[in-house]
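Q: Return a 3D structure for these sequence lines:
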Amino acid sequence: MASSPQVIFGFHAVGVRLKTAPASVIEVLFDASRRDARMRQFMARAQEAGVRLIEADGLRLSKLAGSHGHQGVVARVNKLDQVRSLDDLMDQLEADGAVPLLLVLDGVTDPHNLGACLRVADGAGAHAVIAPKDHAAGINATVAKVASGAAETMPYFMVTNLARTLGELKERNIWCVGTSDDAPGTLYQSDLRRPTALVLGAEGAGMRQLTRKTCDELVSIPMKGAVESLNVSVASGVCLYEALRQRGG
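A: Numbering: from 1, shown residues only. Now for the predicted structure:
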């Protein structure tokens, strides 16, 4: 366990931590004025986990969380140890005989979008999310809440040079599939059963030119209605779950 504590908030994020690593929870602050069924269930789970419980008012919770969206639940926790580097993770996957599935985000700076991308990556069984340091959101309390616990379980690597990292993945025989509205083929024509990195750009701007050039293949998500594109977290879900479907669910 790392010693520097962090703050997580919301029923999902705190509940997942209580379930997966209760020993890392230093204390849980809760709004005693909230007595609905959801809070009662949460409190029972927290008491069962044996964590320290502290009553707090809404103002204190909002200050701690840096947000009003805490739902009456804020926890101070120790950071969990994760795989230290992308190389370590790739070596581990190779040793385990796993077929890598990675989500690469180029230019996703909105914490709500990042949190939703981490959540869908966790749900679809992706092995990691990768983003460039200079064009990405870092993990903060908002990201953790939107991710509903996935920020705790999904390795998130911020790399210095995204194009170079994609090149290193290609050297490991990972097929880099970028999404683009003007791609000649669709997502459903691509073979995602092989080791794959799905590369998505920010909504509107899309991938940067160098990122686009580095991809092995460009695919589009079919759009049948009036809108021209999907939110990046929705597009991530479409792509990752198509990979999951092709791999036998």
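
Q: any chance you could map the helices in the chain?
A: Using DSSP state H, the helices of the chain run over 11-20, 37-49, 58-65, 86-96, 111-124, 141-147, 150-153, 162-171, 209-214, 232-246.

Q: Dump those helices into TSV; add mean neighbour count, distance to Asp31 and mean pLDDT as well.
A: Backbone N, C-alpha and C define where each C-beta goes, glycine included. TSV is the format used below for these (neighbours: other Cβ atoms under 10 Å; distance: least, Cβ to Cβ, whole Å; pLDDT from 0 to 100):
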stretch	mean neighbour count	distance to Asp31	mean pLDDT
helix 11-20	20	12	86
helix 37-49	14	8	93
helix 58-65	15	6	92
helix 86-96	14	38	89
helix 111-124	23	22	91
helix 141-147	25	15	67
helix 150-153	22	22	70
helix 162-171	18	41	96
helix 209-214	16	44	95
helix 232-246	20	29	97
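
Q: Make a markdown table from these and add distance to Ala183 to it.
A: Output for the helices of the chain, formatted as a markdown table (distance: least, Cβ to Cβ, whole Å):
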| stretch | distance to Ala183 |
| --- | --- |
| helix 11-20 | 35 |
| helix 37-49 | 43 |
| helix 58-65 | 41 |
| helix 86-96 | 26 |
| helix 111-124 | 20 |
| helix 141-147 | 28 |
| helix 150-153 | 28 |
| helix 162-171 | 17 |
| helix 209-214 | 10 |
| helix 232-246 | 12 |
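
Q: so which of the ones you listed comes closest to Leu29?
A: For the helices of the chain, proximity to Leu29 was assessed by Cβ to Cβ; helix 58-65 is nearest, at 6.1 Å.

Q: That closest one: how far from the chain's middle?
A: What separates the centre of helix 58-65 from the centre of its chain is 25 Å, taken as Cα atoms, centre = their mean, to the nearest Å.

Q: Check which helices and strands that helix is in contact with.
A: strand 5-9, strand 25-31, strand 73-78 (3 or more Cβ pairs under 8 Å, 6 or more residues apart in numbering; DSSP states H and E).

Q: Just the CA atoms of it, as PDB, please.
A: C-alpha atoms of helix 58-65 as PDB (Å, rounded to 0.1, in the frame of the first residue of the first chain):
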ATOM      1  CA  GLY A  58     -22.900  18.200   3.400                       C
ATOM      2  CA  LEU A  59     -20.600  21.300   3.400                       C
ATOM      3  CA  ARG A  60     -17.700  19.300   4.900                       C
ATOM      4  CA  LEU A  61     -18.300  16.500   2.400                       C
ATOM      5  CA  SER A  62     -18.400  18.900  -0.500                       C
ATOM      6  CA  LYS A  63     -15.100  20.500   0.600                       C
ATOM      7  CA  LEU A  64     -13.400  17.200   1.000                       C
ATOM      8  CA  ALA A  65     -14.700  15.800  -2.300                       C
END
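
Q: and the residue located most distally from the centre of the chain, what is it in contact with?
A: Computed with Cα atoms, centre = their mean, the residue of the chain farthest from its C-alpha average is Ser33, at 32.0 Å. Applying Cβ atoms under 8 Å, 6 or more residues apart in numbering to Ser33 gives the contacts Asp57, Gly58.

Q: I'd like to know how far it sits from Val74.
A: As defined by Cβ to Cβ, to the nearest Å, Ser33 lies at a distance of 15 Å from Val74.

Q: Also Leu166?
A: Plainly put, Leu166 is 38 Å away from Val74 if you go by Cβ to Cβ.

Q: related to what we said a few turns ago, to Ala202, which of the helices of the chain lies closest?
A: helix 232-246 (6.3 Å).

Q: And for that closest one, what's in contact with it?
A: 101, 103, 105, 108, 113, 116-117, 119-121, 123-126, 177, 179, 187-188, 191-193, 196, 198, 200-203, 221, 229-230.

Q: coming back round to it: where does the residue farthest from the centre of the chain land on pLDDT?
A: For Ser33, the model assigns a pLDDT of 93.
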